[in-house]
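Colleague: missing the sequence, but the structure's below:
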């Protein structure tokens, strides 16, 4: 099992910022982050203590709460190794003590006919399921926005394909008498310790998704065959396949079925698709379900000049809520397209697929792009949807790479 950070480190980070500073930061600390996070060269920053076990050569450390997988580190296998999976925390990481006795962690379940508090030990007796899914930060691809939205300038590395194991939420609800009448949402609340002196709703990580999402959701205690590391939400995380990372609540302390969305600011104003220059509010679309997307992981410009001849153009593609039907690759910036081949195992509709196209590249400059289509016929768009916070960028044009052959 990976070594976690000493408990004192997260506590010092939490206490270092005053309550007034957190309050002043407001929503920015949730859906935009501090602009200063990306000011210093990423390579100059060491791994934070709680994630010190990660592969430093495979990641970019943007800040103490944001770590990105390097594009060239994804390789050609389906599953993203835990030691290179991205990290995005909305609050300072809780102390390591919460994973000292994992089975003792408890979650309060309400909005069912028989509400009660359940330990992980009790949850393990209620059911078991495993799902492979893409975990992706809502801001993945923000770095391609020419408007340079405030927040971490992720390119492709705030995503990974991960195997989760836990109890289906539907089994938990059934064991507690079923969901109470009139409930429309599943609302998860993180178990982080909140700073005193400010309204909890302004900083708490609490998100609501439509009730039907519970059918495939898990209360998970295992990731990639190991207990979920503290950095990724252990000892217990709410997993909502097909939904962006913020909806997959770390350190979940409360699971509620509710008749309305959470009033927490991270829900009511954070993670909203607001127009450029605007501010998030409840009338705007919430960042929830992911859409069809792909990108190329090799060859890349940082590989240097290529020799003329045969290359294997490879990458990943996923459909968000739907399976991937196919992927096309262009070697001329989208003027013409060729069907790529899906390779490796199909691990379910929520997982990504690896793809490859063998191509002969002559001398010169070549812009490589990929375009995915899901099982419902939705095609990855050429252009991004402009928005203030740089969310949901699935543009194939933005994700293209230019390589030189000499």
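Modeller: Yes, it's here. Nothing here was measured: the structure is a model prediction, and the numbers come from that model.

Colleague: pull out the buried residues from stretch 130-140.
Modeller: 131, 132, 133, 134, 135, 136, 137, 138, 139, 140 (16 or more other CB atoms under 10 Å). The way it works is simple: take the backbone N, C-alpha and C, and place the C-beta from them, glycine included.

Colleague: the closest residue to the third one other than its chain neighbours: neighbour count?
Modeller: Nearest non-adjacent residue to residue 133, counting by CB to CB, 6 or more residues apart in numbering: residue 350, 3.7 Å away. For residue 350, the neighbour count with other CB atoms under 10 Å is 25.

Colleague: pretty sure residue 350 is touching residue 135, no?
Modeller: No - applying CB atoms under 8 Å as the test, residue 350 and residue 135 come out as separate, 9.8 Å apart.

Colleague: in the protein, which spans are helices?
Modeller: For the chain, applying DSSP state H gives helices covering 8-16, 19-25, 120-123, 169-175, 265-268.

Colleague: mean pLDDT lowest for which of those helices?
Modeller: Per-stretch mean pLDDT for those is lowest at helix 8-16 (a mean of 31).

Colleague: if residue 322 is in a bridge, with which residues?
Modeller: residue 319 (DSSP bridges).

Colleague: hmm, back to that, contacts only, for the residue nearest to residue 133.
Modeller: Residue 350 makes contacts with 131, 132, 133, 134, 216, 241, 242, 318, as judged by CB atoms under 8 Å, 6 or more residues apart in numbering.

Colleague: again, only using 7 Å
Modeller: 131, 132, 133, 134, 241, 242 (CB atoms under 7 Å, 6 or more residues apart in numbering).

Colleague: contacting residues for the second one?
Modeller: Residues near residue 132 by CB under 7 Å, 6+ apart: 161, 163, 347, 348, 350, 351.

Colleague: so which of those residues comes closest to residue 374?
Modeller: Proximity of the contacts of residue 132 to residue 374 (CB to CB) peaks at residue 350, which lies at 11.6 Å.

Colleague: so residue 163 makes contact with residue 79?
Modeller: Yes - using CB atoms under 7 Å, residue 163 is in contact with residue 79, at 6.3 Å.

Colleague: quick check: neighbours shared by these two?
Modeller: In contact with both residue 163 and residue 79: residue 224, using CB under 7 Å, 6+ apart.

Colleague: how about residue 367, what does it touch?
Modeller: Each residue near residue 367 by CB under 7 Å, 6+ apart is listed here: 332, 333, 400, 402.

Colleague: now do the contacts for the closest residue in space to it that isn't next to it in sequence.
Modeller: In this structure, residue 367 finds its nearest non-sequential neighbour in residue 333, 3.7 Å apart by CB to CB, 6+ apart. Taking CB under 7 Å, 6+ apart as the contact definition, residue 333 lies against 367, 369, 400.

Colleague: burial count for the nearest residue to the last one once chain neighbours are set aside?
Modeller: What it means is residue 400. In space, and not counting its chain neighbours, residue 400 is closest to residue 369: 3.8 Å by CB to CB, 6+ apart. Per other CB under 10 Å, the neighbour tally for residue 369 reads 28.

Colleague: where does pLDDT dip in this protein?
Modeller: Applying pLDDT under 70 to the chain flags the ranges 1-44.

Colleague: can you list the domain ranges for it.
Modeller: 49-258, 293-405 (the TED database).

Colleague: including distance to residue 277, could the ones you listed go into TSV?
Modeller: Output for these, formatted as TSV (distance: least, CB to CB, whole Å):
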stretch	distance to residue 277
domain 49-258	9
domain 293-405	7
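
Colleague: which of the ones you listed is buried the deepest?
Modeller: Here the criterion is mean neighbour count by mean count of other CB atoms under 10 Å, and of those the winner is domain 49-258, at a mean of 20.

Colleague: show me how far it is from its chain's centre.
Modeller: 9 Å (CA atoms, centre = their mean, to the nearest Å).

Colleague: how far does it stretch from start to finish?
Modeller: Terminal residues of domain 49-258 lie 37 Å apart, using CA to CA, to the nearest Å.

Colleague: between which two of the contacts of residue 350 is the distance greatest?
Modeller: For the contacts of residue 350, and using CB to CB, no pair is farther apart than 132 and 242, which are 12.1 Å apart.

Colleague: spatially speaking, which residue is in the middle of this protein?
Modeller: Centroid check for the chain by CA atoms, centre = their mean gives residue 136 as the closest residue, at 2.7 Å.
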